[in-house]
Structures are given as structure tokens and as C-alpha cells.
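Q: fold the following and give me the result.
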Amino acid sequence: MDDSNQNQSSSGGHQPERRARQRIKVKIPIEFFAPGSDVPIRGATSDLSEIGCYIETMFPFPIGTTLEMSLQIDGTLLAVGRVVTCDPQVGNGIEFARMLTEDLEELRAYVAAQQAE
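A: The predicted structure is shown next:
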């Protein structure tokens, strides 16, 4: 077996990172719409990557729910996200399913700049 797959930490027993892209801890204003609703829900991310984010909410959506959303970075980025994790009374992990190319490029630049700090 390849040693690169054994990503265990000896400091405190932290779980290895399982995400395809590392997320940054950042609060970005976000607005999203539940399926079948035209009333926006406003909140903030607790972390963000170029492929997804985590939204803290007392009333999380079930896994598989599709959400139309906008993130306020420098401008407004539009995305369609899919709920991939549901933590009761905590929040949802969201994977971006669709985003305009220019919005994705802006998101990538923002994440890279935050990681460089």
C-alpha cells in the first residue's frame, strides 16, 4: 500500500482532509432559495472552496436538495448547489453543481488570495 494514502496526524488525532479541495475559514454573505420558494434565505458561509461551502443553519436541508444561491465576494457570484452533508441543528455542506465560468474564475482567485495570506 502507498504511504501517501495514510494521512494520519500524530498531533491530537485529527481526521485527514477528505475534501477534493481544501476549504478556507471565511464568512461570506450568501443568499439562497429553497426549492419551490421565492423567499430568499440569508446567511453566511463558515468555510469556502472553489467547489463548495458550508452554511451554518438551525434548519438544514436534506442531502440531495438543490439550492439556487448567490455569494457576495467582490461582486455577486451565482451558483446552483447541491446539499451533500446535513448536520441537524448545525448546517449543510454544499457542493457547487453549476456556476458561470467568470464567476468560477472569480471564486478561484478569491480562494487563492485568501490561502496566500
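Q: for this protein, which segments count as helices?
A: For the chain, the helices defined by DSSP state H occupy 101-116.
Q: mind checking the longest strand of this protein?
A: strand 76-87 (DSSP state E).
Q: tell me which residues in that strand are buried?
A: 77, 79, 81-83 (16 or more other Cβ atoms under 10 Å). Glycine gets a C-beta too; all of them are placed from N, C-alpha and C.
Q: nearest to Tyr110, of those?
A: Nearest to Tyr110 among the buried residues of strand 76-87, counting by Cβ to Cβ, is Leu77 at 8.8 Å.
Q: okay, the longest strand of the chain in PDB with CA atoms only?
A: The C-alpha trace of strand 76-87 is given here as PDB (Å, rounded to 0.1, in the frame of the first residue of the first chain):
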ATOM      1  CA  THR A  76     -22.300  38.700  -6.800                       C
ATOM      2  CA  LEU A  77     -21.500  35.100  -7.800                       C
ATOM      3  CA  LEU A  78     -24.400  33.000  -8.900                       C
ATOM      4  CA  ALA A  79     -24.400  29.200  -8.300                       C
ATOM      5  CA  VAL A  80     -26.600  26.200  -8.100                       C
ATOM      6  CA  GLY A  81     -25.500  24.000  -5.200                       C
ATOM      7  CA  ARG A  82     -26.400  20.500  -4.000                       C
ATOM      8  CA  VAL A  83     -26.600  19.600  -0.300                       C
ATOM      9  CA  VAL A  84     -24.000  16.800   0.300                       C
ATOM     10  CA  THR A  85     -23.900  16.800   4.100                       C
ATOM     11  CA  CYS A  86     -26.700  17.500   6.700                       C
ATOM     12  CA  ASP A  87     -25.800  18.100  10.300                       C
END
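Q: dump the buried residues of strand 76-87 into CSV; add pLDDT as well.
A: Output for the buried residues of strand 76-87, formatted as CSV (pLDDT from 0 to 100):
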residue, pLDDT
Leu77, 96
Ala79, 97
Gly81, 97
Arg82, 97
Val83, 97
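Q: hang on, the earlier thing: identify the residues contacting the longest strand of the chain?
A: 32, 52-54, 60-71, 92-100, 103, 106-107 (Cβ atoms under 8 Å, 6 or more residues apart in numbering).
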